[in-house]
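S.K.: Give me the fold of what follows.
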Amino acid sequence: MVYKKEGESLFFYAHSKKSGDFQYLKEHLEGVAALTRTFAGLFGMSELGYLAGLIHDVGKYSELFQQRVRGSQIPVDHSTAGAQWIMKPEVVIKYIGKFGFAPYLARLIAYVVAGHHGGLSNYGSIDEEGSLKHRLSKPKEEVPDWSIAWSELSICSQPLESNPMLRFGNLTTSNIAWKYSILGRMLYSCLVDADSTDTRDYCNDEDRRLMYKRSLPSISQLLERIDNFISELEKKAEKTIINNKRHQILENCRIRARDGQGIFTLSIPTGGGKTLSSLCFALHHAQRHELQRVIYVIPFLSIIDQTVEIFRNALGNEAVLEHHSNFDEQEYRENYGVEEVRKQKLAAENWDAPVVVTTSVQFFESLFSNKRSRCRKLHNIVKSVIVIDEAQSIPRGFLTPCLRVLEELVESYGCTVVLCTATHPSWEALGIRPTAIIQDQLSQQLVDTFKRVRVTMHGGATKSIPDSMTIDWMSQVKQALTIVNTRKHAKMLFDLSIKKQLIGVYHLSGRMCSKHCMEILKEIKDRLIHEKPCHVISTQLVEAGVDLDFPIVIRAFAGLDSIAQAAGRCNREGKQSVGEVHVFYPESHGMPFYGWMKETAIEAQNVLKYQQVDPLSPEAMKQYFDRIYGVADGRVREITDSKRIMGLLRSKNKNLEVPYEEIASRFEMIEGEMFSIVIPFDEFARNLIHLHAKSKVHRSDIFRQLQSYSVSVYKREYTEWMNKGLLSDAGGIWYLNDMNYYDQATGLREPMRH
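M.R.: Numbers count the residues shown, from 1 in each chain. So this is what the prediction gives:
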């Protein structure tokens, strides 16, 4: 080796700066080890974290890598070395322990070290390229010699006396593979976050200073802010029965926040103030149990903006991190400045904030992911209050793995979970026993108080209601909201309403980019407030949590939970004695021919046909959820784990050979192959597209900003757009090059039409 300066000392480097300076490898490894030990210490695995951090880059002590860090382009495998070393029997005994489970803990470290760049792999076999087993079996000549590392490194770690997983509860043959797989992801998260943080702090002085000078509020400070915020709201509120019940719900949440940690349900009728009540519970509970943060998980992008706005008004901008694909960087920069935008981006990488607002897809897919970027944040879920808003909306095919991972976060990682719903399934029948924050007696009082609508059914399975009648219903009132099942039906009704010269009509659907939808929603809310004519035709994107209040809601027949959500947009503030919800059986083009929406509509139809009950009654909802989740016919496991994720782990139980890559590929909550088309909706979007086109590399920061300007389409339609030459490439981002195909009222047109 030739890496000498003066005298006999050798110099090994981990990274280089653009300035030409180098980070010493020893300093990097010891820095990462210290951080990983701290992160993993939150769940009792500090020594395993330390070992992973110290050896993750020992392969960089090879001569080949030192040539690379000094400018050579030679590809070098530097992550296999540490994985092979930790699996040596003498190393396991010396640094992990003599107990029987120690080799399996060593294997977890091997998983995370081998995958700290490329991702957690399947255990696999010797012949499976890229698998852990294949990499552990690599011959010496394929792993550059790094033995000189021990001339610089020393391991400050003592072997453990017993299996640290024993503190994770009762280990059985049925749960050990599951718990083991989650622990692997948590250790991986600790390592990759420590590695990324240490590298950032050396290579980017500006980002390091930016993050370390932050002054984040404590949970106690946030609790004081939320209580003051709510107090001011209540002072200004009218003394109505509904506001009195909202106050009662809040007080109930404050009291029950003193309970021990676990899984809770918060079932509040629509309009009961669920958002602030759940946040209030979470912060009081976090202070009571010395927890780190609140993670608020929202199912739909359409409601995330208004939730974030409420939280920022209540807690302050610096307290709230929003992590989702529709984060509006332009608006955020205008409101808070460039520096705050950068802080948000950096904090989003590892959820380093006291309150995180994210989506169900982001949250759950990260928990089942094998990728570095997705998993980096996981260790910051430890010791958190996790609020799952609209918990009944978790896709039923993934419900069992989602509930099991929430249970594991509570049992082994110090979390508390709150399942928020207005309508909900029988959780006990699905295998969990949560504690109700709102007890039965008060719950029934709330149902009676917040019952503000009357549901009327129109037509039937063999008697559809024509579109013209639906438009007639709308034309008879000043303000009405019509919600349908498909984009096609929404467009057809909108065109008919224009033909009939309906006043103040708006369209909302997934054919419009999010930025466009937000602008339309602002106009709608303004017209509602000022009592102007307002007739909205929308797909179900307005149903959950969108703060709209119409005197009349018209809903195409669907699942009972969808009907209940639609009813929540009717007479929301109780301005009328009773609001009217009309549920109708649409013409054939208004009902999906297959998929989840068709299945739920059929089950709702069966409940109403044979039971003759109010569609919004608790009895109807129980029967409905029992049917769609397989409780009624004993098919819960088959229906709620449709990708056999739990079964995949059970089949690998004997030798704990976790197929991380296979699990991640199966756990995709958004089904169907969808493709995104970016819409140059305004000058900001056009500038971003131009900037990315000029860039020589994929810019993830630009890509994230353009998410709110994208429309998702199926592969068939995407191919048609491409074949017609209507899409252009901006460095890997495909955008619509002819805005004549984007309608300012209804969004993306069909590619065959002009």
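
S.K.: Any stretches of the stretch 1-150 of the chain with poor pLDDT?
M.R.: Within the stretch 1-150 of the chain, the segments meeting pLDDT under 70 span 1-10.

S.K.: can you do 50?
M.R.: 1-2, 5-9 (pLDDT under 50).

S.K.: all helices of it, in order?
M.R.: 25-41, 46-55, 63-69, 80-86, 89-91, 102-114, 132-136 (DSSP state H, counting those that start in this stretch).

S.K.: among these, which is nearest Leu171?
M.R.: Of all the helices of the stretch 1-150 of the chain, helix 102-114 sits nearest to Leu171, with 11.4 Å by Cβ to Cβ. Using the backbone N, CA and C atoms, a C-beta is placed for each residue, glycine as well.

S.K.: What is the closest one packed up against?
M.R.: helix 46-55, helix 80-86, helix 132-136, helix 176-203 (3 or more Cβ pairs under 8 Å, 6 or more residues apart in numbering; DSSP states H and E).

S.K.: Can you lay out these as TSV showing mean neighbour count and distance to Leu153?
M.R.: Below are those laid out as TSV (neighbours: other Cβ atoms under 10 Å; distance: least, Cβ to Cβ, whole Å):
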stretch	mean neighbour count	distance to Leu153
helix 46-55	26	7
helix 80-86	24	11
helix 132-136	21	21
helix 176-203	23	16
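
S.K.: and those helices as TSV, adding distance to Phe494?
M.R.: Output for the helices and strands packed on helix 102-114, formatted as TSV (distance: least, Cβ to Cβ, whole Å):
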stretch	distance to Phe494
helix 46-55	56
helix 80-86	58
helix 132-136	54
helix 176-203	45
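
S.K.: So which residue is dead centre in the chain?
M.R.: By Cα atoms, centre = their mean, the chain has its centre lying nearest to Gln362, at 2.5 Å.

S.K.: That one contacts His323, doesn't it?
M.R.: Yes: between Gln362 and His323 a contact is recorded at 6.2 Å, counting by Cβ atoms under 8 Å.

S.K.: Which residues are in contact with Leu378?
M.R.: Neighbouring residues of Leu378 by Cβ atoms under 8 Å, 6 or more residues apart in numbering: Arg185, Met186, Tyr188, Ser189, Ser366, Leu367.

S.K.: For this protein, give me the ranges with low pLDDT.
M.R.: Short version for the chain, where the test is pLDDT under 50: 1-2, 5-9, 325-336, 754.

S.K.: Show me how it divides into domains.
M.R.: With domains defined by automatic domain parsing, the chain comprises 13-203, 219-446, 452-615, 674-748.

S.K.: quick one, which of the ones you listed is nearest to Arg666?
M.R.: domain 219-446 (8.2 Å).

S.K.: starting at the chain centroid, how far to the closest one?
M.R.: With Cα atoms, centre = their mean, to the nearest Å as the basis, domain 219-446 stands 12 Å off its chain's centre.

S.K.: about what we covered before: could you export the domains of the chain as CSV, including distance to Ile663?
M.R.: Below are the domains of the chain laid out as CSV (distance: least, Cβ to Cβ, whole Å):
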stretch, distance to Ile663
domain 13-203, 7
domain 219-446, 6
domain 452-615, 22
domain 674-748, 22
